[in-house]
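>>> okay, here's the prediction I keep looking at, along with the sequence it came from:
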Amino acid sequence: MGILYDDVVIIRQAEKEGDPSVITVNCPDKTGLGCDLCHILLFFSLNIVRGASGISYYRSELQSPRPPDVFLLKLCCYDRKGLLHDVTEVLCSLELNIKKVKVSTTPDGTVMDLFFITDTRELLHTKNRQEETHKALEDVMQDAIISFNLEKVGPGITACSQASPFLPPAITEDIFNIETSNDLPSVSLTSSNVCVTMDNSLNPAHTLVQIVC
């Protein structure tokens, strides 16, 4: 028996007296569908002997679902209390699923948030959907937003987002194999394509470590 592409109800009478008849219903799924079908059968005084989901019969004929496209939302803004909560609330209200978040905050109060997201509506590649997302974020953040960028990313970028945030030991040992004086307000160490800058002048209680690699 193949997949039924149209909405249809098939009633197969029992072959022997006393055996149950089989009613096959093919229709779009919804919440509470099984309950509704049972209610109809009981309304006509039919006894339900057994029920089963027919999708298991067709699973081998169906292709594996395509994974949703992943988009990278780059949001640069001024930091404030409850910022991350407000942004995630907006994205969830737009039915955008957040897969991963990277948050960076500078000493001057500027925030760069990276959201790896997917769209349950699968419309985030369209201009209207992106403008809807931008407008919703602007409404909640108002003047705090500095820049907004949304782009589709490939599997390579997504895989890198799962990588460890720490530098490899070979790099860190090479960089920090130099003694630095605590009296200096700042020091910059460079090795190959990696640059590490430490600045003590911005805050009396904290050290800013900037790594470019």
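Cool, the structure landed.
>>> tell me the SS of Lys102?
strand (DSSP: H, G, I helix; E, B strand; the rest coil).
>>> neighbours around it, how many?
For Lys102, the count of nearby residues is 13 (other C-beta atoms under 10 Å). Glycine gets a C-beta too; all of them are placed from N, C-alpha and C.
>>> bridged to it, which residues?
Bridge pairing for Lys102 (DSSP bridges) gives the partners Leu114.
>>> ok, now Tyr78?
Thr110.
>>> now the element after the longest helix anywhere in the chain, going C-ward?
Counting by DSSP state H, the longest helix found in the chain is helix 127-141. Going down the chain from helix 127-141, the next helix or strand is strand 145-153, by DSSP states H and E.
>>> what's that next one packed up against?
Secondary-structure packing of strand 145-153 (3 or more C-beta pairs under 8 Å, 6 or more residues apart in numbering; DSSP states H and E): strand 70-78, helix 127-141.
>>> mind putting these into TSV with distance to Ser147 and mean pLDDT?
Formatted as TSV, those follow (distance: least, C-beta to C-beta, whole Å; pLDDT from 0 to 100):
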stretch	distance to Ser147	mean pLDDT
strand 70-78	4	91
helix 127-141	11	91
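>>> count the residues that sit near the residue nearest to Leu96 when sequence neighbours are not counted.
Nearest residue to Leu96, sequence neighbours excluded (C-beta to C-beta, 6 or more residues apart in numbering): Ile117, at 4.8 Å. Neighbours of Ile117 under the rule other C-beta under 10 Å: 21.
>>> give the buried residues for the longest helix of the chain.
By 16 or more other C-beta atoms under 10 Å, the buried positions in helix 127-141 come out as Arg129, Gln130, Thr133, His134, Ala136, Leu137, Met141.
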